[in-house]
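Undergrad: I'd like to go over a predicted model; first the sequence, then the structure.
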Amino acid sequence: MAVIISAIAAALISGFVLYCALCSRQLTTFALLNLFRHKRRSISTLMAMIIGGVAVFCWGGFSDYAFWILKQQTIRMNVGHLQLYNPVYFQTANRNLSLIHDYPTLKAEIENHPDLSSAIATLSGQLEFTGVISHYENETASYFSALGIEPLPALKLGAFEKQISGSELSRIKPLEATLGSGLAATLNAHYADWLDVMVVNSSGGQGALSLKLRGIFSSGIKDYDDVAMKVPLVTAQRIMGTQGVTKVLILLKNDADVLAFRAKLQRVIDEKNLPLTIRSWKEVSPFYQQVESLLSGISFFIRAMVALMVIFMIGNAMTMNIVERTREITTLRAIGLRPLAINRLLLLEGIFIGGLGGLGSLLVGSVLAGLVNLQGIAMPPSPGQTHGYTAFIKTDSAELFAVTFLLPVVTSALAAILPAIRASRLNIADAFKFS
């Protein structure tokens, strides 16, 4: 939406300036030269615009980075860009009733499909199950919520999880598991300890297995780490007595391909009449949606405040400009310059000073962002998380540059409208008496 509004504003302002340059070249030149006649007023106005523009630029870059890092954390913590489910998954809490049974065939069809394979970074099935885990030697036990994962794809899908001790799951040692830091602390379990796991399998019977603790990880989300366990998918299928998976995760090579890939994947599902439904990473991540809404609201508020500040500053400067230039404007009127031409002159002055303010905002903002990015900004943990992070100001967004440049231009053009109308309506006879 911001891109569309910026494009419309840029087109209208550019069209007006181009029209004036072609049809009233002398008037356009006067408007540009007038900025340098009153250097003190122009500099003070520019400084106010640049301060506001830099605030918008830096906050926008900071927000963009916060969105980006949160998005990457969400996607690369065993979520992926897209997920495939049995539709029954969203209708029952019993995960054994919503399994995708022929996972190997489905995986081969997707990975070998000519329209899908080139965009996929990795694809992995996961099996969710819960149960009770105990550490016999320490006489401790706890509830757990586990994922059966494929170890190799998990290196990408779980890239943002922090390994505290030990190592990731092995592809050749299936009877091993990794625990969340909270669950490991509850069990007082350490690397190479043997743990006993008990579950209710997919047939309704009891399944039990002894697993060796290979590593302890932290996702940064305390509630998850307090119950989390990961085991190889083949081990999870063995203990649950099934060859199916709960969901299929797809990680793409490019974030921008999500919508197009989803449409292609949906066509394949429809053509083959597969009992599957697709969910995107955002649809299964309500926390991201809440944080995005919060930061978007704050960003809009800051930009609105800066816009109001710039409007008042420029409106005040333009009003003072007209008062001081009353005789000049009256003389122009007296020699035949029409009120519409006066309007154009003052509007052009507002647009030109806004353009200079926009360029100054981009220049100063880019330099300041570069200095900040040399060290970054240490941030506390987000709500519900235990790990802080180092934030940066992201400056690779065309939308950010467009908004930072156009905000001073648009606001200065708006602020110049009322003074321009007042100037065009000055009474010539009375204005000559002004001293």
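TA: Now that the structure is in, tell me what you want to look at.
Undergrad: Looks to me like residue 124 is in a strand.
TA: Yes. If the criterion is DSSP: H, G, I helix; E, B strand; the rest coil, then residue 124 is within a strand.
Undergrad: what about it, distance to residue 78?
TA: Shown here: residue 124 relative to residue 78, a distance of 9 Å by Cβ to Cβ, to the nearest Å. For every residue, glycine as well, the C-beta is placed using N, CA and C.
Undergrad: Please identify every residue contacting each of those two.
TA: Here residue 124 and residue 78 have 149, 154, 157, 249 as joint contacts, going by Cβ atoms under 8 Å, 6 or more residues apart in numbering.
Undergrad: just those residues now: which is nearest residue 86?
TA: Distance to residue 86 across those (Cβ to Cβ) is lowest for residue 249, with 14.3 Å.
Undergrad: Using the three-state scheme, assign the closest one.
TA: With three-state DSSP as the basis, residue 249 sits in strand.
Undergrad: What helix or strand is residue 163 located in?
TA: strand 162-166 (DSSP states H and E).
Undergrad: ok, and for that strand, which residues are buried?
TA: For strand 162-166, the neighbour count (16 or more other Cβ atoms under 10 Å) marks 164, 166 as buried.
Undergrad: what's the answer for stretch 223-237, then?
TA: Neighbour-count burial for stretch 223-237 flags 224-233, 235-237 (criterion: 16+ other Cβ under 10 Å).
Undergrad: show me the contacts for the residue most central in space within the chain.
TA: Centroid-nearest residue in the chain: residue 67, 2.9 Å away (criterion: Cα atoms, centre = their mean). Applying Cβ under 8 Å, 6+ apart to residue 67 gives the contacts 292, 295.
Undergrad: Show the subsequent helix or strand relative to the strand or helix carrying it.
TA: According to DSSP H and E, residue 67 maps onto helix 39-75. Per DSSP H and E, the first helix or strand lying C-terminal to helix 39-75 is strand 82-85.
Undergrad: Run through who's touching that following strand.
TA: 98, 100, 106, 246-250, 252, 258, 261-262, 265, 276-281, 284.
Undergrad: Tell me which of the residues you listed fall in strands.
TA: By the criterion of DSSP state E, membership of those in strands covers 247-250, 252, 277-280.
Undergrad: before we move on, back to that, which secondary structure elements does the following helix or strand past the strand holding residue 163 contact?
TA: Downstream of strand 162-166, the next assigned helix or strand under DSSP H and E is strand 176-180. The contact analysis (3 or more Cβ pairs under 8 Å, 6 or more residues apart in numbering; DSSP states H and E) places strand 176-180 against strand 194-200, strand 206-218, strand 228-232.
Undergrad: most tightly surrounded among these?
TA: Most buried of these, by mean neighbour count (mean count of other Cβ atoms under 10 Å): strand 228-232, with a mean of 25.
Undergrad: Check the offset of that strand from the chain's centre.
TA: Computed by Cα atoms, centre = their mean, to the nearest Å, the chain-centroid distance of strand 228-232 equals 29 Å.
Undergrad: Run through who's touching the following helix or strand past it.
TA: Moving toward the C-terminus from strand 228-232, the next helix or strand (DSSP H and E) is helix 233-240. Residues outside helix 233-240 that contact it (Cβ under 8 Å, 6+ apart): 96, 125-127, 129, 146-150, 174-175, 177, 197, 199, 201-202, 207-209, 211, 231, 243-245.
Undergrad: Now a PyMOL select for only the buried ones of the residues you listed.
TA: One line in PyMOL is enough to select the buried ones among these; burial here means 16+ other Cβ under 10 Å:
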select buried, resi 96+125+126+127+129+146+147+148+149+150+174+177+197+199+201+202+207+209+211+231+244+245
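Undergrad: how does the protein divide into domains?
TA: 2-73+288-431, 82-284 (automatic domain parsing).
Undergrad: Mind putting these into CSV with mean pLDDT?
TA: Formatted as CSV, the domains of the chain follow (pLDDT from 0 to 100):
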stretch, mean pLDDT
domain 2-73+288-431, 78
domain 82-284, 89
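Undergrad: quick one: contacts for residue 226?
TA: Neighbouring residues of residue 226 by Cβ under 8 Å, 6+ apart: 180, 182-183, 186.
Undergrad: Please list only the buried members of these.
TA: 180, 182-183, 186.
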